[in-house]
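Undergrad: pasted the sequence and its predicted model underneath.
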Amino acid sequence: MRLSDNFTLSELTKSQTAERCGIDNTPDKEHIVNLQQLCDNVLQPVRDYFKKPVVISSGYRSPELSIKIGSSSRSQHCKGEAADIEIPGISNQELADFINDNLSYDQVILEFHTPEEINSGWVHVSYVGSNNRKEYLIAEKDESGKVRYSKCR
């Protein structure tokens, strides 16, 4: 099923962990609507602007899958509202900045990015519709290994 010109449902639900562990990662109709809005309002505009494929490392996650990978069943991924993305050859900082400066979104998190390494980390982006917070964060590990979030800009 095509969600936009360049994105399909299968690429936004693919999970090696789900396949390996026999976890059903099939979204319901509401989740698919949310994924379509994410594609229409964020992912496709990113693809159109950079004119390069956007790699989805994680899109929709069932609650069971989310817990299995160490995340929360309350994650926006479980609602079909979020994706973790990269564009090979484009700095994740540039990608996150573009989304922040040009698109409507709920959250952009520049996760574990090292400025000296162009594609280190990834960009988490979410879209919830009319109640988008436009929250731009950076995720880093502190000296004890705990993940810390701070506002970007």
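TA: Thanks, I have it.
Undergrad: remind me, longest strand of this structure?
TA: The strand that spans the most residues within the chain, counting by DSSP state E, is strand 135-141.
Undergrad: any idea how far that strand is from the chain center?
TA: Distance of strand 135-141 from its chain centroid, counting by Cα atoms, centre = their mean, to the nearest Å, is 13 Å.
Undergrad: pull up the pairing partners for whatever helix or strand comes next after that strand, direction included.
TA: Moving toward the C-terminus from strand 135-141, the next helix or strand (DSSP states H and E) is strand 147-151. Strand 147-151 pairs in its sheet with strand 135-141 (antiparallel), by DSSP bridges.
Undergrad: what sits up against the partner strand?
TA: With contacts defined as Cβ atoms under 8 Å, 6 or more residues apart in numbering, strand 135-141 is touched by 96, 100, 106-113, 124, 147-153. Bear in mind the C-beta positions are built from the backbone N, C-alpha and C, glycine included.
Undergrad: all strands of the protein, in order?
TA: Using DSSP E, the strands of the chain run over residues 2-4, 7-8, 55-58, 82-86, 107-111, 122-126, 135-141, 147-151.
Undergrad: Throw the ones you listed into CSV and include mean pLDDT, mean neighbour count and distance to Asn25, thanks.
TA: Compiled in CSV, the strands of the chain are given as follows (pLDDT from 0 to 100; neighbours: other Cβ atoms under 10 Å; distance: least, Cβ to Cβ, whole Å):
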stretch, mean pLDDT, mean neighbour count, distance to Asn25
strand 2-4, 96, 17, 16
strand 7-8, 97, 18, 14
strand 55-58, 96, 16, 11
strand 82-86, 97, 23, 14
strand 107-111, 93, 21, 21
strand 122-126, 96, 24, 18
strand 135-141, 87, 16, 24
strand 147-151, 79, 10, 24
